[in-house]
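Colleague: need the 3D shape of this:
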Amino acid sequence: MVVVMSPDATDEDVAHVVERVEGVGGEAFVSKGVVRTIIGLVGDIESFHHLNLRTLRGVADVHRISDPYKLVSRQHHSERSTVWVGPPGGQVPVGPDAFTFIAGPCAVETADQTFEAARMAQSAGATILRGGAFKPRTSPYAFQGLGVAGLEILAGVREATGMPVVTEIVDARDVDVVAEHADMLQIGTRNMANFGLLQAVGGCGKPVLLKRGMTATIEEWLMAAEYIAQRGNLDVVLCERGIRTFEPATRNTLDISAIPVVQATSHLPIIVDPSHAAGRKDLVVPLSRAAIAVGADGVIVDVHPDPETALCDGPQALLGSDLRALAQAVRRLPGAVGRVGAGDLATGRRSGS
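Modeller: Have a look, this model is predicted:
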């Protein structure tokens, strides 16, 4: 069962609902979004019905949810959500209205490389900078990232460009330091089912980008998002990045059908990572076009000033004519499906509109 609080509900109103629920032996999990607060209830449904929760001050509605994921389901939240990334005055929306373009280097290598990649991304219309300071790799001998030094580089580039930063976190012990430097925390495919990490980022107070596990079903993916929401954070953006199949022609198989399926099931925004799905730069633009056409809320791609020397995923990084083709796609194609293009969003944000 889920209790939806009204936008003007006070902390005292929320606390009163929690007190009533706990008074009959139930558990209440409070999740706060930008617009409203939702309280997920666990316990005896009949006992909750006797509380007449709808009559309590600040309660807008009460729903009995059949989906196993209660807080991220559309059953109680018919309108799709928008997640705002960045500090007040420089926030970027990710959601159903405008198409969001996120770009940057897969791995932070040096300050110069990161700044140049950010400049390339911003010139192409990107409004959020991605960059990896911690890099979980298949081989323990591969470049694992610069760690805190990489976070400091990202923070410096954000200061210079004004772009909010999203970066991956791989260890629950690093939540505080990553949240201090980044505007959005990314959970990578290898950690989608790391439930301790999901709970930790759920309490960090920053938006979370949750990538789909490479072998995860959509339900498992949404249940991972529920772990974050249950700890109080409804500002979750889902990212389809390809799943592992029998086909070796691409690194992963981009499940383009996941976008409309998720949008029909969950109110959370969903974006696409064509770079990690394909592992090849020649497929990034076509897959981005497909993502736009099917209704994705944005794309996140790799760019690098010198892909041949990249310490991570150079073959999929864009520059030159490939990046220009992507810039054209994210600027022009969203209008065909009723969205504001990425270039228009970037222009409006810089002008203060």
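
Colleague: next one: phi and psi at the nearest residue in space to Arg212 that is not next to it in sequence?
Modeller: The shortest distance from Arg212 to any non-neighbouring residue, by Cβ to Cβ, 6 or more residues apart in numbering, is to Trp221 (4.8 Å). Where C-beta positions appear, they are placed from N, C-alpha and C, glycine not excepted. Main-chain dihedrals, Trp221, degrees, to the nearest 10: phi -60, psi -50.

Colleague: from Ala193, how far out is Trp221?
Modeller: Trp221 is 10 Å from Ala193, where distance means Cβ to Cβ, to the nearest Å.

Colleague: with neighbour numbers in mind, choose between the two.
Modeller: It is Trp221, of Trp221 and Ala193, that has more neighbours when counted by other Cβ atoms under 10 Å, with 26 against 17.

Colleague: report the contact partners of that one.
Modeller: Trp221 sits next to Met192, Leu210, Arg212, Gly213, Leu238, Val262 when contact means Cβ atoms under 8 Å, 6 or more residues apart in numbering.

Colleague: ok, Val30 touching Asp13?
Modeller: No: look at Val30 against Asp13 with Cβ atoms under 8 Å: they stay out of range, at 11.2 Å.

Colleague: what about Ile39, how many neighbours?
Modeller: Ile39 has 22 nearby residues by other Cβ under 10 Å.

Colleague: element containing the residue nearest to it when sequence neighbours are not counted?
Modeller: Counting by Cβ to Cβ, 6+ apart, Val3 is the residue found nearest to Ile39 once chain neighbours are left out, at 4.2 Å. Assessed by DSSP states H and E, Val3 sits inside strand 2-5.

Colleague: what's in contact with that strand?
Modeller: Taking Cβ under 8 Å, 6+ apart as the rule, strand 2-5 contacts 13-14, 17, 36-41, 53, 58-63, 65, 70-71, 76-77.

Colleague: try stretch 9-29
Modeller: By Cβ under 8 Å, 6+ apart, stretch 9-29 touches 3, 5, 30, 36-37, 39-44, 47-48, 50-51, 53, 56-60, 71, 230-232.

Colleague: now the helix or strand containing Pro286: buried residues?
Modeller: Using DSSP H and E, Pro286 sits within helix 281-294. Applying a neighbour-count criterion of 16 or more other Cβ atoms under 10 Å, one finds Lys281, Leu283, Val284, Val285, Leu287, Ser288, Arg289, Ala291, Ile292 buried in helix 281-294.

Colleague: columns pLDDT and distance to Arg130 on top of these, output as TSV?
Modeller: Output for these, formatted as TSV (pLDDT from 0 to 100; distance: Cβ to Cβ, whole Å):
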residue	pLDDT	distance to Arg130
Lys281	95	16
Leu283	97	18
Val284	97	14
Val285	97	17
Leu287	98	17
Ser288	97	14
Arg289	97	20
Ala291	97	16
Ile292	97	18
